[in-house]
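S.K.: next input, structure requested:
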Amino acid sequence: MKILSNFTGSTNIDVMRDRRLWVIILAGLIVRLIIGNLDPYLHDWDERFHALVAKNMLNGPFTPRLYLEPVFSYKIDEWCCNHVWLHKQPLFLWLMAISIKLFGVNVFAIRLSSILLSAIQPILLYDIAYSWTKNKSHALLSALFMAFSFFSILLTSGSFHTDHNDAHFGFFVLASFWCLIKYLNAPTTSRALLIGVFCGFAVLVKWLVGLLVLGVWFVVLFKDLIKERRRLSHFLLGVFTCILVFLPWQIYTFVHFPNEAQQALYHNALHISTVVEGHSGGPMFYFSSSTLYFGSLFFLLLPLAIIFAARRTHKNVYRSCILLSLGTIYLFFSFIPKTKMLGFVYCVLPLGLVLLAGGVEWLMQLLDKIKISKKAKLAIKILAILGTIISVFRPDKFYAFHITHEETSHIGVIDCRRKTANTETYKKLNDLLPKGTTIINARYGDHVEAMFFSDFQIYYDWPNEEEFLNKVKSGSNFAYFKPRAGDPVPKVFQDNATEIPLAIIW
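M.R.: As a prediction, this is how the structure comes out:
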């Protein structure tokens, strides 16, 4: 407790004992666990790819692979179907692999690390809000909105593209921001060190945007860095620590997988100059999507959040950090990259919720000045807070997606019956086929899910016949999924491969 007190400060240790906060955290965790277990299958984009690479990391944590041992030729620029998989940084995959090691090969294990880290975020946000305003009501509302954040829960459930990658990234960026707030309150070497550690972790999840807090630190404390040698040494320590955390992996990949590393770097840069994979949008893309981030009442509550930020002059440096972080991320991704993806700005969503909570708290203070009965005031406050929680949580979206399976504005229709049935088929493959068999003619995309739930190398569609026959001559065994009804099995595969007795739904 003494070490923790030295880092956080004794005042905030007392704050963290607020029982209401722990009720909020428990509620947020339960909601994430429930929603995270509604779908017994891996989602298409990008959960199934993250899941398979994480599983394969158990066979070599420093060699991220989609296919453990490729049977057929492949192209390194096709991240959906290649061998060494450097499409994403490795830290979140390592954490997912640890979960698989502990809890087995299942969807719960894949989502667990995202759920736990996301459930911790309200603690950090509570402390950030309280450090700024010294207002427990504001801090509790910030934590409450984070605990029921629709977009946060959506990512942890794996049902939205970039899923666990952004869920982990959001945590490490918020953790680095929290360390910066603690440092501003009382600059120490240990706090500067931890800023660097968490920034390094953030880079090891989603590349250079993880340096955000170091940039904010430099801008906000620029004058102090010039005048005080101690502050400058702290900043340089944070930068050096961050580099020490993320750079070794970059060097390692360029040494051991130079072609793949170069391709991954090129693909990342491509998001700036090109619309990648159809993810387009204009400068207003993220602002117009604000109801997904901050709730259906966002545009009604936005003026309150602005008023709160303008009136909150206490500890202006904290406000500057929050506004600079939000502004940097929103302006950069709105105007610079041509590729637009909703998850790109998620890392600063918690800071937006702090301002939103401040707006609601300011409204509560206005109500206190109105001359009406205490019971009426209490009723209005409860309705306002409940309404905002429901707005942030977006139960209509979860109901449409998970219960009625309707198309929503953020996710297309998913054929849950097909995915559930096929998942059960893939789980039975190990009992149906001899070890070492290579499976062909899987449904596109499902080949990844099938490899996750089984121990086979699996390919979608029919392979090149000449390459296939060469593999057969060298002693490889093959099996194939029955094609769509009415589609014939090419003779070369019918003669040299076994038909899997269980059919998949196409």
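S.K.: what's the weakest-modelled helix or strand in this structure?
M.R.: When the helices and strands of the chain are scored by mean pLDDT, DSSP states H and E, helix 2-8 comes last with a mean of 49.
S.K.: quick one, strands of this structure?
M.R.: Under the criterion DSSP state E, strands of the chain are mapped to 438-442, 457-460, 478-480, 498-499.
S.K.: residue 39: which of those is closest?
M.R.: strand 438-442 (20.2 Å; C-beta to C-beta). Just so you know, the C-beta spots here come from the backbone N, C-alpha and C atoms, and that holds for glycine as well.
S.K.: pairing partners for the closest one, with directions?
M.R.: On the basis of DSSP bridges, the sheet neighbours of strand 438-442 come out as strand 457-460 (parallel), strand 478-480 (parallel).
S.K.: and that strand, how far out from the chain's middle?
M.R.: Relative to the chain's own centre, strand 438-442 is displaced by 31 Å; criterion: C-alpha atoms, centre = their mean, to the nearest Å.
S.K.: among the strands of the chain, which comes closest to residue 132?
M.R.: Residue 132 lies closest to strand 457-460 among the strands of the chain, at 51.4 Å (C-beta to C-beta).
S.K.: what about residue 349, distance to residue 356?
M.R.: 10 Å (C-beta to C-beta, to the nearest Å).
S.K.: between these two, what contacts are shared?
M.R.: Counting by C-beta atoms under 8 Å, 6 or more residues apart in numbering, the residues touching both residue 349 and residue 356 are residue 294.
S.K.: number of nearby residues for residue 245?
M.R.: When neighbours are defined as other C-beta atoms under 10 Å, residue 245 has 20 of them.
S.K.: how near is it to residue 311?
M.R.: The gap separating residue 245 from residue 311 is 39 Å, by C-beta to C-beta.
S.K.: burial of the closest residue to residue 338 other than its chain neighbours, as a residue count?
M.R.: Using C-beta to C-beta, 6 or more residues apart in numbering and skipping residues adjacent in sequence, the residue nearest residue 338 is residue 275, 5.1 Å away. The burial count assigned to residue 275 is 14, neighbours taken as other C-beta under 10 Å.
S.K.: now residue 275. Its backbone dihedrals?
M.R.: Torsion angles at residue 275 (phi, psi; degrees, to the nearest 10) stand at phi -80, psi 110.
S.K.: any idea how many residues pack against residue 236?
M.R.: Neighbour number of residue 236 under other C-beta under 10 Å is 13.
S.K.: next one: the one 3 residues further on
M.R.: By the measure other C-beta under 10 Å, the count of residues near residue 239 is 19.
S.K.: what sits against it?
M.R.: 196, 214 are the contacts of residue 239 under C-beta under 8 Å, 6+ apart.
S.K.: what pLDDT does it get?
M.R.: In this model, residue 239 is scored at 98, pLDDT.
S.K.: which regions of this protein sit below the pLDDT cut-off?
M.R.: The model of the chain has pLDDT under 70 over residues 1-16, 313-314, 407-413.
S.K.: domain assignment for it?
M.R.: As given by automatic domain parsing, the domain ranges for the chain are 2-38+86-400, 416-499.
S.K.: report how many residues lie close to the nearest residue to residue 130 once chain neighbours are set aside.
M.R.: Counting by C-beta to C-beta, 6+ apart, residue 130 lies nearest to residue 139, which is 3.8 Å off, once chain neighbours are set aside. Look at residue 139: counted by other C-beta under 10 Å, it has 27 neighbours.
S.K.: can you check residue 469 too?
M.R.: Residues near residue 469, counting by other C-beta under 10 Å, number 15.
S.K.: just residue 505 next, same as before
M.R.: When neighbours are counted by other C-beta under 10 Å, residue 505 registers 14.
S.K.: rewinding a little: deepest in the core, which of the strands of the chain is it.
M.R.: strand 438-442 (a mean of 24; mean count of other C-beta atoms under 10 Å).
S.K.: who's in contact with it?
M.R.: Residues from elsewhere that reach strand 438-442 (C-beta under 8 Å, 6+ apart): 71, 429, 433, 450, 456-463, 468, 471, 476-481, 483, 493, 497, 500, 504.
S.K.: in helices, which of those residues appear?
M.R.: 429, 450, 468, 471, 493 (DSSP state H).
S.K.: in space, what's closest to the fourth one - neighbours in sequence excluded?
M.R.: Yep, that's residue 471 we're talking about. In space, and not counting its chain neighbours, residue 471 is closest to residue 71: 6.3 Å by C-beta to C-beta, 6+ apart.
S.K.: from residue 457, how far out is that neighbour?
M.R.: As judged by C-beta to C-beta, residue 71 and residue 457 stand 5 Å apart.
S.K.: same check on residue 122?
M.R.: Relative to residue 457, residue 122 is positioned 42 Å away (C-beta to C-beta).
S.K.: again, but for residue 274
M.R.: Relative to residue 457, residue 274 is positioned 32 Å away (C-beta to C-beta).
S.K.: residue contacts, the residue lying closest to residue 219 once chain neighbours are set aside?
M.R.: Of all residues not flanking residue 219 in the chain, residue 324 sits nearest, at 6.3 Å (C-beta to C-beta, 6+ apart). Residue 324 sits next to 216, 219, 220 when contact means C-beta under 8 Å, 6+ apart.
S.K.: isn't residue 434 right next to residue 477, touching?
M.R.: Yes: with contact defined as C-beta atoms under 8 Å, residue 434 reaches residue 477; the gap is 6.5 Å.
S.K.: okay, these two: which has more neighbours?
M.R.: residue 477 (15 against 9).
S.K.: what sits against the closest residue to the more buried one other than its chain neighbours?
M.R.: Leaving aside its chain neighbours, residue 477 sits nearest to residue 437 (4.8 Å; criterion: C-beta to C-beta, 6+ apart). Counting by C-beta under 8 Å, 6+ apart, residue 437 touches 456, 477, 478, 479, 498.
S.K.: distance to residue 135 added to the residues you listed, as CSV?
M.R.: Formatted as CSV, those follow (distance: C-beta to C-beta, whole Å):
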residue, distance to residue 135
456, 57
477, 67
478, 66
479, 64
498, 68
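S.K.: of all the strands paired with strand 438-442, which one is nearest residue 446?
M.R.: That would be strand 457-460 among the strands paired with strand 438-442, by C-beta to C-beta, at 7.3 Å.
S.K.: list the buried residues of stretch 201-211.
M.R.: Buried residues in stretch 201-211, counted by 16 or more other C-beta atoms under 10 Å: 201, 202, 203, 204, 205, 206, 207, 209, 210, 211.
S.K.: typo on my end, stretch 458-475
M.R.: 458, 459, 460, 462, 463, 468, 471, 472.
S.K.: likewise stretch 22-37?
M.R.: Neighbour-count burial for stretch 22-37 flags 24, 25, 28, 29, 31, 32, 33, 35, 36 (criterion: 16+ other C-beta under 10 Å).
S.K.: narrow these to those in helices?
M.R.: Applying DSSP H to the buried residues of stretch 22-37, the entries found in helices are 24, 25, 28, 29, 31, 32, 33, 35, 36.
S.K.: output those as TSV; include the columns distance to residue 162.
M.R.: Shown next, in TSV, are those (distance: C-beta to C-beta, whole Å):
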residue	distance to residue 162
24	26
25	25
28	21
29	22
31	21
32	17
33	21
35	17
36	16
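S.K.: what about the helices in the stretch 151-300 of the chain?
M.R.: Along the stretch 151-300 of the chain, the stretches classed as helices by DSSP state H, counting those that start in this stretch are 163-185, 189-206, 212-220, 222-227, 229-256, 258-273, 285-288, 290-294, 298-311.
S.K.: since that was my last question, I'll sign off now.
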